[in-house]
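[1] Structure for this input, please:
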Amino acid sequence: MEITMDLVLPRDVASVPATRKLLDAALAALGVEGHIRDDIEMMLTEACTNVIKHAEHGADYTVRAMIQDLRCVIKVIDSGTGFDAARVPAPDPSAEQGRGLMIMRALADDVRFASFPEDGALVALEKRLAYGEDSLGGLLTAESEATVGDGFRLGSDELAARLFEMARAGDTQGLLSHVNDGVPVNLSDHRGETLLMHAACHGHVETVRALTLRGADPDRADDRGHRPLTGAVFKRETEVVRVLLEAGADPRAGSPSAADTARLVGDTELLAWFEGTAPPPA
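    Prediction:
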C-alpha cells in the first residue's frame, strides 16, 4: 500500500490547520491508532509553523506525505534560505525559541534536515504506524506484506536498497518481479528520488520504458524539485529522454526544467524537441 499527498501551500498560518486536517482524515480513514495520529498532527504542525516563521524569502512551501504500509513519511520543503539544524542550541524547556525542533525530535521515529543553497530547506519526519483491529489500513498492509517475496517486508530498508541498486544497474527483470509482487512503482528514497529517476539518470532505456508502462510517474519530482527528464538531459541520455517524452513527461515542468537544462548544457537537438521546432526522430 502506498498513498501520497502533495500540497503546495502559501506561507500563511491558515494553511497549517488545513494541511493537518487533510492528512488526519486520510490516517483516520485507514484506521491509524489515535495516539499515533496525535503525534503526527503535532509533528506536522511544528514543521509547518517553522516554515511560516523562518522561510522569509519563500512565498509558498510544499508538504509531501507518504503512507507506505507501516510508516508515514512527511516532508516539509520550503523555498527560503534554509538553516543548519545542528547549530540550533538545545532549547530551555521554558522558552519558546527552538521548542519546535525539540518536539519533532521527541515525537518522530526519525528526523532529517537538509538545506539546499538558494533552494530552501527540507524537514523529513518518519513515524511508524499501527492500525486498529479490522481497519482498512490493517487489511491493506497485510495484503501488501503477503505479496512481497524473499522474506522481506515492503518497508524493509534492505529490500529498498536492493531495488534502487537494480534501478541504477538496469536490472529490468529483477526490478519488475518486485513491482509485479506489490512494490510501489513510484517508490522513492530518502531524497525523494524514484526508481524511475535512478534508472533515467543512469541511462537504462529499457528499465525506464518498463517502469513507465507500469505506471511510474515521469514528472514526479524529488525533494529538490528535480525530475527524471531533467536528469536525463543533464547526463545527455538522449534515448531515455525520448522514452520519457513518449510517457508524457513535460519538458517545461520544474525549476530548472528539462528545457532550461538543455539550454544550460548547450544541447540544441534536445532543445528543438522540447520547443517543437524539430520532432524526435522515429
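
[2] Please count neighbours and contacts with C-alpha atoms only from this point.
    Fine.

[3] and the longest helix anywhere in the chain, which residues are buried?
    In the chain, with assignment by DSSP state H, the single longest helix is helix 34-54. Taking 16 or more other C-alpha atoms under 10 Å as the neighbour-count basis, helix 34-54 is seen to contain the buried residues 36-37, 39-52.

[4] The helix or strand that it is followed by pairs with which strands, parallel or anti?
    Scanning forward in sequence from helix 34-54 by DSSP states H and E, the next helix or strand is strand 60-68. For strand 60-68, the pairing partners within the sheet under DSSP bridges are strand 2-10 (antiparallel), strand 71-78 (antiparallel).

[5] Now tabulate those in JSON lines and tack on mean pLDDT, distance to Leu176 and mean neighbour count.
    Output for the strands paired with strand 60-68, formatted as JSON lines (pLDDT from 0 to 100; distance: least, C-alpha to C-alpha, whole Å; neighbours: other C-alpha atoms under 10 Å):
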{"stretch": "strand 2-10", "mean pLDDT": "85", "distance to Leu176": "17", "mean neighbour count": "15"}
{"stretch": "strand 71-78", "mean pLDDT": "86", "distance to Leu176": "23", "mean neighbour count": "24"}
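
[6] what would the ones you listed look like in JSON lines with distance to Gly254?
    As requested, the strands paired with strand 60-68 are exported to JSON lines (distance: least, C-alpha to C-alpha, whole Å):
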{"stretch": "strand 2-10", "distance to Gly254": "13"}
{"stretch": "strand 71-78", "distance to Gly254": "15"}
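
[7] of all the ones you listed, which lies closest to Gly182?
    For the strands paired with strand 60-68, the distance to Gly182 is smallest for strand 2-10, at 10.0 Å, taking C-alpha to C-alpha.

[8] would you list every one of the strands in the stretch 151-282 of the chain?
    Remark: no strands are assigned in the stretch 151-282 of the chain by DSSP state E, counting those that start in this stretch.

[9] That one: helices as residue ranges?
    Assigned helices in the stretch 151-282 of the chain, in chain order: 157-169, 172-180, 195-201, 205-213, 228-234, 238-246, 258-265, 268-275 (criterion: DSSP state H, counting those that start in this stretch).

[10] Tabulate the ones you listed (TSV), appending mean neighbour count and mean pLDDT.
    Formatted as TSV, the helices of the stretch 151-282 of the chain follow (neighbours: other C-alpha atoms under 10 Å; pLDDT from 0 to 100):
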stretch	mean neighbour count	mean pLDDT
helix 157-169	17	88
helix 172-180	17	91
helix 195-201	29	95
helix 205-213	21	95
helix 228-234	26	92
helix 238-246	20	93
helix 258-265	19	89
helix 268-275	17	87
